[in-house]
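*Asks:* Okay, predicted coordinates and the sequence, questions at the end:
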Amino acid sequence: MKLIENWRQAWRFLSVQAMTLAIALQGVWLNLPDDLRGHVPDRVAMYVTAGVLILGLFGRIFQQRGADGTPDR
């Protein structure tokens, strides 16, 4: 296994941001008190997390542009 060429800029990739958000959403969901979690069906958390991960998939397969307008590689 080998790191990608621009691994230091990986935090800017939509795919990395989406995976980080998905992990954060699951962490928040698991740490909510049971009485608050009872107001939201469990499936909602699952669908929201899956949607964020699907956005990350799109971010991984489509070329993204950097802050200067040039494509990230």
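*Replies:* Cool, the structure landed.
*Asks:* now for the lengthiest helix in the chain, which elements pack on it?
*Replies:* Ordering each helix of the chain by length in residues (DSSP state H) puts helix 42-61 first. Under the contact definition 3 or more Cβ pairs under 8 Å, 6 or more residues apart in numbering; DSSP states H and E, helix 42-61 sits against helix 14-31. All C-beta spots, glycine's among them, are computed from the backbone N, C-alpha and C.
*Asks:* What's the first helix or strand after the helix it packs on?
*Replies:* For helix 14-31, the following helix or strand on the C-terminal side (DSSP states H and E) is helix 34-37.
*Asks:* Extract the CA atoms of that following helix and return them as PDB.
*Replies:* Output of helix 34-37 as PDB, limited to C-alpha atoms (Å, rounded to 0.1, in the frame of the first residue of the first chain):
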ATOM      1  CA  ASP A  34     -32.200   7.600  25.300                       C
ATOM      2  CA  ASP A  35     -35.100  10.000  25.900                       C
ATOM      3  CA  LEU A  36     -33.900  12.300  23.000                       C
ATOM      4  CA  ARG A  37     -33.100   9.300  20.800                       C
END
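*Asks:* Can you give the distance from it to the centre of its chain?
*Replies:* Offset of helix 34-37 from its chain centre (Cα atoms, centre = their mean, to the nearest Å): 24 Å.
*Asks:* Give me the neighbour count for Ala10.
*Replies:* By the measure other Cβ atoms under 10 Å, the count of residues near Ala10 is 13.
*Asks:* What pLDDT does the model give it?
*Replies:* For Ala10, the model assigns a pLDDT of 83.
*Asks:* Just to be sure, it is in a helix?
*Replies:* Yes - checked against DSSP: H, G, I helix; E, B strand; the rest coil, Ala10 lies within a helix.
*Asks:* if we can go back for a sec, average pLDDT across the longest helix of the chain?
*Replies:* Predicted confidence along helix 42-61 averages 90 (mean pLDDT).
*Asks:* Buried residues in that helix, which are they?
*Replies:* Residues of helix 42-61 classed as buried: Ala45, Val48, Thr49, Val52, Leu53, Leu55, Gly56, Gly59 (neighbour count, 16 or more other Cβ atoms under 10 Å).
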